[in-house]
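# I'd like to go over a predicted model; first the sequence, then the structure.
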Amino acid sequence: MSVQNERQEKERKDKKRKTDGEEVKPQKSTEKSEAKDETRNTEHAKENKTKTRKEEPRKGARQEKTDTNPKATPMMNDRIAKKAYEVIALAKKSKSLKLGANEVIKNLQKGDIELIFIAGNVKPFAIIEPIMYHCETKNRTFYFVPSAAALGKACELSRPVAACAIIYSENPAIRKLCSEIRETMSSLE
């Protein structure tokens, strides 16, 4: 029999075994190509293992909430941050909230701002340094919240927010919460 006939015969047998439910083993190639395939497979497996280890955290391990900048002081704790998010939601409803670094700086220069919240994990941090400078020159209070994403959520946005400011408002609930935040933050410092 010729080589071509042998191949055809083998293919027919393989097809018959597949239909009968038997497992068909592939043909083995030469020893050199097998060695190459094995080294490729082991290298590929090693790469996959290292990738999965880096990407997937251990079970039961706590992940860090945010990566805050060490310059971000005074930082609010979670309890006070909840109050801040409440004030932001109230200010948003009463339309006395300004969002974003540029809007905050504009209103700081006008002198309309009562309280400023800045995200502590903004990258690059240079984005919010002008806000800090203007607050110090105008003698306005600003506080850092742990997360830009949480600040955006409090502002009812799907995007992270670097900074937001509450403008002077006639709403007594907003004024009361702002004064509570100031008092608790001053007692922590």
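It's in. Residues are numbered from 1 along each chain as shown.

# I figured Ser96 hits Cys178, correct?
No. With contact defined as CB atoms under 8 Å, Ser96 does not count as touching Cys178 (10.8 Å). Any C-beta I mention is one placed from the backbone N, CA and C, and that applies to glycine too.

# what is in contact with these two at once?
Residues touching both Ser96 and Cys178 (CB atoms under 8 Å, 6 or more residues apart in numbering): Ile166.

# of the two, which one has the most company?
It is Cys178, of Ser96 and Cys178, that has more neighbours when counted by other CB atoms under 10 Å, with 21 against 18.

# the residue nearest in space to the middle of the chain and Thr73: what is the separation?
In the chain, the centroid-proximal residue (CA atoms, centre = their mean) is Ala149; its distance is 7.2 Å. The span separating Ala149 from Thr73 equals 20 Å under the rule CB to CB, to the nearest Å.

# check Ala150 too.
Where Thr73 is concerned, Ala150 sits at a distance of 18 Å (CB to CB).

# which stretches of the chain form strands?
Taking DSSP state E, the strands of the chain run over residues 97-99, 113-119, 142-145, 163-167.

# between these, which one is closest to Glu6.
Comparing the strands of the chain by their distance to Glu6 (CB to CB), the top pick is strand 113-119, with 71.7 Å.
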